[in-house]
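**Student:** need a 3D model of the sequence below.
(chains A, B, C and D, ligands or ions: 4)
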Amino acid sequence: MATRPRPSGAGDNLKRLLELYRTMVRIRAFEETALAAHKAGEIPGPLHVSLGQEGVAAGVCASLRKDDRLTSNHRGHGHAIAKGADPVRMMLELYGREGGSCGGKGGSMHIADFSVGMLGANGVVSGGIPIAVGAAQGLKMLKSDAIVVCMFGDGAINRGPFLEGLNWAALYKLPVLFVCEDNGVAAFTTASSVTAGPGALARAESLGVAGVTIDGNDCPAVDDAVTRLVAKVRGGSGPQFLHAKTYRWTGHTSTDAAAWRDPKEVADAKVRCPIARLEKLLGDRGVDAPDFAVVATQAQAEMDDARAKAKAAPWPKPETAYADVQDVGAAAWHK
Amino acid sequence: MATRPRPSGAGDNLKRLLELYRTMVRIRAFEETALAAHKAGEIPGPLHVSLGQEGVAAGVCASLRKDDRLTSNHRGHGHAIAKGADPVRMMLELYGREGGSCGGKGGSMHIADFSVGMLGANGVVSGGIPIAVGAAQGLKMLKSDAIVVCMFGDGAINRGPFLEGLNWAALYKLPVLFVCEDNGVAAFTTASSVTAGPGALARAESLGVAGVTIDGNDCPAVDDAVTRLVAKVRGGSGPQFLHAKTYRWTGHTSTDAAAWRDPKEVADAKVRCPIARLEKLLGDRGVDAPDFAVVATQAQAEMDDARAKAKAAPWPKPETAYADVQDVGAAAWHK
Amino acid sequence: MAQVTTTEVTLIEAGRLAVQQEMRRDPTVWVLGEDVARGGLWGQYKGFLEEFGAERVVSTPISEATIMGAGLGAALVGTRPIIEMRIFDFVMCAMDELVNQIAKVRYMFGGQAKPAVVVRMPHGMWRNSAAQHSQMLEAWFTHLPGVVVVAPSSAEDEAGLLVSAIRSDDPVLIFDPKDLWGATGRIAEKIEPIPFGKARQLSTGDAVTLVTWSALVPKAVEAVALLTKDGVMVDAFDLRTLWPWDEDAIVASVKRTGRLLVTHEAVEVGGFGGEIVARVVDRLGPQNIKSAKRLGAPRLPIPFSPPLETQVRVTTDKIVAKVKGML
Amino acid sequence: MAQVTTTEVTLIEAGRLAVQQEMRRDPTVWVLGEDVARGGLWGQYKGFLEEFGAERVVSTPISEATIMGAGLGAALVGTRPIIEMRIFDFVMCAMDELVNQIAKVRYMFGGQAKPAVVVRMPHGMWRNSAAQHSQMLEAWFTHLPGVVVVAPSSAEDEAGLLVSAIRSDDPVLIFDPKDLWGATGRIAEKIEPIPFGKARQLSTGDAVTLVTWSALVPKAVEAVALLTKDGVMVDAFDLRTLWPWDEDAIVASVKRTGRLLVTHEAVEVGGFGGEIVARVVDRLGPQNIKSAKRLGAPRLPIPFSPPLETQVRVTTDKIVAKVKGML
Ligand SMILES: Cc1ncc(C[n+]2csc(CCOP(=O)(O)OP(=O)(O)O)c2C)c(N)n1
Ligand SMILES: Cc1ncc(C[n+]2csc(CCOP(=O)(O)OP(=O)(O)O)c2C)c(N)n1
Ligand SMILES: [Mg+2]
Ligand SMILES: [Mg+2]
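**Tutor:** Ligands and ions are numbered 1, 2, ... in the order given. Below you'll find the predicted structure:
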């Protein structure tokens, strides 16, 4: 996966396209594997998966360096994988096992891997926005040229932190790329039914943050747009905004069968699958089905391995429940 | 003071102009009297006065009915007087005396008079916004045709409730008129130095709320604009926005001498005094200095009387400290 | 007394029926919150949209501050909103509206305002939901003047306390127990209000007084059964409401038993157990008490991993052991 | 020990010097909040803009949620922000960021995050500021895992505890006592850190143990003087930090005196006094204590009117009377 910066023109670069493809397939394989494990009762608690949205995560993260930071929302598996997190440690975390990236204390909704700049999923809608702008402010203060990407859903633009955070980032010209991953729904509610006005980008612009709206299922287009936006952000032009339209194939959580959704809408969305779409483009460039199968097989093997490791891993040691609360005044563990 | 609705054309109506004038003069007299009383040590706690901003309060409230509601911010004296609150009960409240409109429990920062639809000043910036939209929602549910006016400063547009409340009002097409009283400062900070983007109205529009920007020191212009906006709001067109530019002559509170301000800026603003400005207009219509003096003298007499009454009033009875906490589980008073 | 027909229902259904009854009775009662039009996250408003329409069953944007604040505003013009917070933890996004506004308007404005709102906040640990979806901070609100604090544990109490809450002119905070949504009980066709401040006695005995509420009630009941087998008779109470709370009943009990254990799912440090112990000690005098203890969670966020979560929970065994240690 | 030169300063100036010293020592320390570039609402950052520049002395929009959350974000990349909340009550606009994020990130992410922030929240009653500008809810945060809770009452402690807070990797919440901003004390040129969890003994005696903190400390000192005149010798403590708190010192004292009075400005119900009483009773056993009482404010919002405000305050006289009633 690409973690180095690259000036522009992803569409013309076959290697780059294959990287985008591989990232999407790995995200898909990770989440399908996790869903199966959840169904089998191996993973506790709910999962928020992003099946159908992989184009955004892959496209956004292709331009990021390892030391760039990313804040995520509750639907963070794809963001983490695209940012370079290790699926084994992620799967261990989803299982709540020893060796999980959060020691089993976070689970899916708090997936995080600081070693690759993934500053964490968040159980609170919009919760990552203030954190992202602060991280950008800190990086600027430290004279780093790393940047911050802040991922959130279309439901998040109705909470106060959206306004505060964008105004803030514009004011201090902070190196943040805001990404609204617009899958059309917020939990069980059609987002447009609770969102007034012309939409996410207009809101951003009214707060001094410019940007673009794109088709988030067109992964190379996301990559192209982000390449340009990241160059601006890293170049000191201040925050930028990406409004990426996509669709979530599944219910809100792994326990929501999404019977409330229009089946036709879901079927239509599946036709616009970002992976299939890129396959078509790659097909025109001479990459064919067996090549795709290799990627898929590798990805599935990687995630099967992660699942097997997670399933076999021990539970965290009981005393770890008492670790990492705080240095001073922490509760003591007694066997 | 006008509390009945009126179709349009304030500028052509001398009686209306005189009403606007009288309201402004009464607000000015109330606050100057309160400031003097504060300086004399008669009024405890800080006062937030609105000297120089009277044009907005008077112009906005001229189109309101008694049963229309108004939510205010920390700088609420003018809003209360313009909405029809009794200056005697207000002054008693500022003094913390028995008979004050809040029984002495609120003081200046929580001035309120529900009997004239003034739902209260608020010690929290933006605090009135969610309350206003909810009041509008309640009124709509009750099939009332009363509307709600929500007053806040230019500092308030940087807090989350601004986004949430406007989106909400637009979504449910609620009868709210939002009024941003833009005096250029937020506490001790130039508001523009902490506000990114094109400004209050653009933010409102991005949230689905249309409106206008006007000169808040031109009281008849405010009245004209509000007349039109209120007609829309009351007519069921949903929320509207008024961005009124004005200037605050004094420091943030009565204990802030405002040494931090550019004296020239203040001097320039005083030239644009909304009262003087209306006097000029009225002069052209044949109203002359002795007429103004009568209004001023009456207003000052009214406020001197309020001050005298407040000064002479007893303190609230000690047991009232224990009243109106809650019906169930309230602390009991023991002598 | 006339015979009352009752039906067995879950706690969630009991709450649903109670709100439905009150919305039928009083057209000014309405509900607002995320996804309520589809029945609420937990099904607690199922069928409401169809019966009461979109104006009284308002599905909102993800705008907790405004959900709370708009509820207050609507109360100030004479309606009676039920503010649904979905999951307790999200009330942190609406604390100004709750703490600085709802709890204070009546007092601050000298009695002019009537903040007759009900705030429902499903709380507590629930199926490995980790630190941001498992909190129990009900103790905070006992320390907040201006509000009533209700924490039911049974279907009957959920129904009766909700009816009281909706009819109350005070702001009433209801902590629905997430972990007990499925608990069943019998409710009457016409749900009667249950007064605030009256504990429910769970068992009688004179060895020790056991006080608890919310999610720990079923565990306390189990513990009492185990202790009874061992000959330890427990005077156990479900407090049901934390403010006001049934001080007189608890003091009278401890006066008899001489021993007090308060147990709650929330963190022990700074929890409401401290208040209860302090009041009982004050009223009876320490010399008249043999033992006064608390059992709550250790002071740490709730971990996701099942065995870690279990470890930090108060369990039946821990209650039994704690009681035995006091004898 | 070498002689240390000290200067007399106000509490506000002591805090200013402490932060200044630490900002000179460590370039990653910075401050953000409304109006801080002009020295802060209280002058606690006077001259900072000139010395440290606008990048480290960041005057912000009125965006409390983002002030708090941005502070956390900046800590996560390795800086050490001092988050200035201006007046405690406004933290209600930033509770998700404080409670759900700052207090939990380290734990939730299994130790990956280091939320090394200091949150300053000037609190308490102050010159008729009414219900929304007078709250004291420090007890809440003792019940919140993941944070340190500091409530200094003197210039010396303000300085030394701020130094500790800034150097700590934990999130440290400092409740600056608004009513004592002008209190004077002597601080050394080089301000040394004061460890968390150590009470300051205010007086010694064996009639009663008196525990307090923050704004009530001067009143407790006055009360002790009056009681001493009447021959009642008080073992009095300023707790200084509420989490951790100096349990050992208080337990040892009550073991000697047999009587405990905790007094705080905050509402008595649900206040931290309950925790202290419960712990002391638990550790010593009720039978070994003669009396354990609390004195706090009645459970009501703070009224504006001066005589009403005075009436609900804990005063020196009330402390004296309460102690005498315990003997
Ligand atoms: C403050 C807050 N309110 C409510 C929730 C419950 N909730 C979790 S996800 C979600 C919908 C979010 O929609 P969106 O941001 O569009 O993300 P998506 O689920 O579509 O990816 C809601 C309401 C929450 N986690 N936080
Ligand atoms: C949430 C919140 N943050 C900070 C404050 C302190 N404060 C009181 S008034 C004010 C400035 C408000 O500016 P603006 O809204 O423009 O009103 P103005 O004072 O100019 O009339 C501030 C920061 C507050 N009351 N509430
Ligand atoms: Mg969405
Ligand atoms: Mg202003």
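**Student:** ligand 2 versus the residue lying closest to A:Leu229 once chain neighbours are set aside, what's the distance?
**Tutor:** Of all residues not flanking A:Leu229 in the chain, A:Gln240 sits nearest, at 4.2 Å (Cβ to Cβ, 6 or more residues apart in numbering or on different chains). Every C-beta, even on glycine, is put in place using the N, C-alpha and C of the backbone. The span separating A:Gln240 from ligand 2 equals 29 Å under the rule Cβ to the nearest ligand atom, to the nearest Å.
**Student:** what bridges to A:Gln240?
**Tutor:** Beta bridges link A:Gln240 to A:Leu177, A:Ala210 when assigned by DSSP bridges.
**Student:** wait, it touches A:Glu205, no?
**Tutor:** No. Applying Cβ atoms under 8 Å, one finds A:Gln240 not in contact with A:Glu205, separated by 11.1 Å.
**Student:** hey, what's in contact with both of those two?
**Tutor:** Shared contacts of A:Gln240 and A:Glu205 (Cβ atoms under 8 Å, 6 or more residues apart in numbering or on different chains): A:Gly211.
**Student:** between those two, who's got more neighbours?
**Tutor:** A:Gln240 (25 against 20; other Cβ atoms under 10 Å in any protein chain shown).
**Student:** residues contacting the more buried one?
**Tutor:** Counted by Cβ under 8 Å, 6+ apart, A:Gln240 has contacts A:Val176, A:Leu177, A:Phe178, A:Val209, A:Ala210, A:Gly211, A:Leu229, A:Lys232, A:Val233.
**Student:** tell me which residue lies nearest the centroid of chain A.
**Tutor:** Ranked by distance to the mean C-alpha position of chain A (Cα atoms, centre = their mean), the top residue is A:His79 at 2.2 Å.
**Student:** that one: helix or strand, and which one exactly?
**Tutor:** helix A:77-82 (DSSP states H and E).
**Student:** at which residues are the helices of the stretch 151-300 of chain C located?
**Tutor:** Counting by DSSP state H, counting those that start in this stretch, the stretch 151-300 of chain C has these helices, from start to end: C:155-167, C:217-229, C:247-257, C:272-284.
**Student:** re earlier: how about the residue nearest to the centre of chain A, nearest residue that isn't a chain neighbour?
**Tutor:** Distances taken as Cβ to Cβ, 6+ apart put A:Ser72 closest to A:His79, at 4.4 Å, once the chain neighbours are dropped.
**Student:** ok, the one you found to chain D distance?
**Tutor:** Per Cβ to the nearest Cβ, to the nearest Å, A:Ser72 is found 12 Å from chain D.
**Student:** from the stretch 51-200 of chain C, which residue is nearest to ligand 2?
**Tutor:** C:Asp96 (7.0 Å; Cβ to the nearest ligand atom).
**Student:** looks like that residue contacts C:Thr66 (just checking).
**Tutor:** No. The criterion here is Cβ under 8 Å, and C:Asp96 misses it with C:Thr66 at 11.1 Å.
**Student:** C:Asp248: how many residues sit nearby?
**Tutor:** 12.
**Student:** so what pLDDT did the nearest residue to C:Gln201 once chain neighbours are set aside get?
**Tutor:** Distances taken as Cβ to Cβ, 6+ apart place C:Phe237 nearest to C:Gln201, at 5.8 Å, with adjacent residues excluded. Listed pLDDT for C:Phe237 reads 99.
**Student:** could you measure from C:Phe237 over to B:Asp262?
**Tutor:** 66 Å (Cβ to Cβ, to the nearest Å).
**Student:** ok, the two, which is more surrounded?
**Tutor:** C:Phe237 (24 against 8).
**Student:** which residues touch the more buried one?
**Tutor:** Applying Cβ under 8 Å, 6+ apart, we find C:Phe237 in contact with C:Ala199, C:Arg200, C:Gln201, C:Leu202, C:Thr209, C:Leu210, C:Val211, C:Thr212, C:Asp246, C:Ala249, C:Ile250, C:Ser253.
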